[in-house]
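Peer 1: my questions are about this predicted structure, shown below with the sequence.
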Amino acid sequence: MSGLFSEFMIRAALAGLGVAVAAPFLGVFVVWRRMAYFGDATAHAAVMGVALSLMLHLPVYLGVAGVAVIMALSVAAMESGRPGLGADSLLGVLSHGALAIGLIAVSFLPGARLNLEAYLFGDILAVSWGDVGVIWGGAAAIIAVIGWRWRALLTATVNPDLAWSSGMNPDRDRRILTLALALLVALAIKVVGALLITALLVIPAAAARPFARSPEAMLGFGVAVGGVAALGGLGLSYGLDSPAGPSIVAVAVALFALGRMALVWRRVE
């Protein structure tokens, strides 16, 4: 039991909670706007950011954030002006194309293949106190920005025409959302990895949605689900010696499934 409370586990728990608290602030909009593929495209581009960081000897957070921002803004621009191509097709091409190019780039870097699994699935047990500080600083920035634009984002999500008529700018708020999403990708790369980041965005918010009667309640439930998933996943990883990132996502999926079962049981009664 003492190993569960050792310093590296405490750092991992704080890092996981930082991402789990911030993710639902974006996840609720990803679910409402059906932007899961958008999150995938941005997250998969993170692998290119990792390759760039290693090549230029930059901090991984910096390279991932830069590439994720470029991808997020590019996807948003191409989606708004696409010539007859469906949004899901466009995002699918960009998502898997970015991942493939990133994996090829990483494969050419000496020694990078040894760390590839950590970038894809996370290495939360290896985070430092500096990483914890970066994650919580970024999480605070995401929460502050989304809190500042909460009403505008809600209005633009429910009724863009109403947002325009009320003097708001839905396009600007969409760019804010995409930039915040890129920041979250950079923060989460060490926690769950590029392939599982979207799961932390979607699953807690989706699990909370049936039980919430207001957007704020959905956000609160989502934060709770994310926090339980982060801590429960770490406990599962410690007990079963399983990968921490996938374990966190597995617990989130289990909570989602339990929630759906509770809803079905309630209807049967």
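Peer 2: Structure received.
Peer 1: the stretch 101-250 of the chain: helices as residue ranges?
Peer 2: 112-121, 129-148, 150-158, 160-165, 170-188, 197-208, 215-240, 244-268 (DSSP state H, counting those that start in this stretch).
Peer 1: for the record, mean pLDDT for the third one?
Peer 2: What it means is helix 150-158. On average, the pLDDT along helix 150-158 is 88.
Peer 1: can you give the contact residues for it?
Peer 2: By CB atoms under 8 Å, 6 or more residues apart in numbering, the residues outside helix 150-158 that reach it are 29, 32-33, 146, 162-163, 166, 168, 170, 173-174, 176-177, 215. Yep, even glycine has a C-beta here, placed from its N, CA and C like the rest.
Peer 1: what's the most buried one of the helices of the stretch 101-250 of the chain?
Peer 2: Neighbour counts (mean count of other CB atoms under 10 Å) averaged over each of these peak at helix 197-208, with a mean of 27.
Peer 1: and the angle for it with helix 215-240?
Peer 2: 120 degrees (axes from the mean of the first three to the mean of the last three CA atoms, to 10 degrees).
Peer 1: the inter-axis angle of helix 197-208 versus helix 170-188?
Peer 2: 110 degrees.
Peer 1: next one: helix 197-208 to chain centre, how far?
Peer 2: Centroid separation for helix 197-208 versus its chain: 8 Å, with CA atoms, centre = their mean, to the nearest Å.
Peer 1: now for that helix, which elements pack on it?
Peer 2: Counting by 3 or more CB pairs under 8 Å, 6 or more residues apart in numbering; DSSP states H and E, the packing neighbours recorded for helix 197-208 are helix 7-32, helix 36-44, helix 170-188, helix 215-240, helix 244-268.
Peer 1: what's the mean pLDDT across the very next helix or strand once past the shortest one?
Peer 2: When you say that, I think you mean helix 36-44. Following helix 36-44 in sequence order, the next helix or strand is helix 46-56 (DSSP states H and E). Helix 46-56 shows a mean pLDDT of 82.
Peer 1: in helix 46-56, which residues are buried?
Peer 2: If you call a residue buried by 16 or more other CB atoms under 10 Å, then helix 46-56 has these buried ones: 46, 47, 48, 49, 50, 51, 52, 53, 54.
Peer 1: circling back to that earlier point, nearest to residue 16, out of the helices of the stretch 101-250 of the chain?
Peer 2: Among those, the nearest to residue 16 by CB to CB is helix 215-240 (3.4 Å).
Peer 1: what angle do the closest one and helix 150-158 make?
Peer 2: Using the same axes, to 10 degrees: helix 215-240 against helix 150-158 is 90 degrees.
Peer 1: what about the residue lying closest to residue 197 once chain neighbours are set aside, how many neighbours?
Peer 2: Excluding the flanking residues, the one nearest residue 197 by CB to CB, 6 or more residues apart in numbering is residue 43, at 4.0 Å. Neighbour count for residue 43, taken as other CB atoms under 10 Å: 31.
Peer 1: returning to that earlier point: state the pair within the contacts of helix 150-158 that is farthest apart.
Peer 2: Using CB to CB, the pair of the contacts of helix 150-158 lying farthest apart is 146 and 162, separated by 19.7 Å.
Peer 1: for residue 243, see how far away residue 262 is.
Peer 2: Using CB to CB, to the nearest Å, one gets 28 Å for the distance from residue 262 to residue 243.
Peer 1: same question, residue 249
Peer 2: Distance from residue 249 to residue 243, by CB to CB: 10 Å.
Peer 1: got any ranges where the stretch 1-150 of the chain has weak pLDDT?
Peer 2: 1-5, 76, 78-88, 110-115 (pLDDT under 70).
Peer 1: then the stretch 151-269 of the chain?
Peer 2: 267-269.
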